[in-house]
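# Task: produce atomic coordinates for the following.
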Amino acid sequence: MRRKGLAAILTDRMSENIIKIGKKPVWAHSTSNKGSMNTALNMWVQSSPERWKDECNMNIQIFGTKKSADTRKAERFFKERGIKYQFIDLKEKGLSKGEFASVKQAVGGLDKLIDENSKDKDMLALIKYIADEDKEDKILENQQVLVQPIVRNGKKATVGYQPDVWKGWD
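Now for the predicted structure:
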């Protein structure tokens with residue numbers, strides 16, 4: 001789903017002829033005064049960030065397990081802000097090859113995805129010492145060694161609990 005930008009939202013609002021900011025309506029249908037339209041739209045965005053988040057249609061995906069405390073904290077972070085997200089349980093479904101490649105590129109490499117504190121020490125040792133071309137396949141087969149949660153928003157992604165990064169996503 002494509003995210004709406006300021007121009008698309010302004011077009012939607014122009015069809016309604018006014019933008020309501022609080023109790024005071026601001027007329028925004030005049031094409032002769034584009035500066036006031038931008039000002040009105042900026043005031044509207046600042047007055048209601050929750051509505052702005054809904055209009056932007058962020059596509060958040062949280063990959064993790066229900067037992068992971070950081071995954072539950074990530075879910076709570078988005079839920080408290082009214083941002084819709086999709087939860088994918090790594091035990092049931094996991095990352096596809098394409099999703100894995102996208103996340104790997106976004107976070108800066110394979111090493112940042114691997115949880116050194118994972119309970120499966122044998123698998124960690126195997127992944128550490130096998131040939132580089134086989135590492136990805138082995139990790140995709142054993143996703144319990146990944147840092148949780150993995151949070152995606154389109155091409156952007158984070159591993160672990162990183163609310164400061166998520167706040168910057170629009």
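
# Can you report how many residues lie near Ile88?
By the criterion of other CB atoms under 10 Å, Ile88 has 18 neighbours. The way it works is simple: take the backbone N, C-alpha and C, and place the C-beta from them, glycine included.

# who's in contact with it?
By CB atoms under 8 Å, 6 or more residues apart in numbering, the contact list for Ile88 reads 61-64, 94-95.

# what do you get if the cut-off is 10 Å, keeping everything else the same?
Contacts for Ile88 (CB atoms under 10 Å, 6 or more residues apart in numbering) come out as 61-64, 94-96, 99, 149-150, 152.

# repeat for Val103
Applying CB under 10 Å, 6+ apart, the residues near Val103 are 61, 63, 95, 112-113, 146, 150-152, 155-159.

# Selecting buried members of the contacts of Ile88 in ChimeraX, what would you type?
This is the ChimeraX syntax for the buried subset of the contacts of Ile88, where burial follows 16 or more other CB atoms under 10 Å:
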select :61,62,63,64,94,95,99,149,150,152
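
# Just list whatever residues bridge to Asp89.
Asp89 forms beta bridges with Gly64, as assigned by DSSP bridges.

# since we're on it, how many residues are nearby?
Neighbours of Asp89 (other CB under 10 Å): 14.
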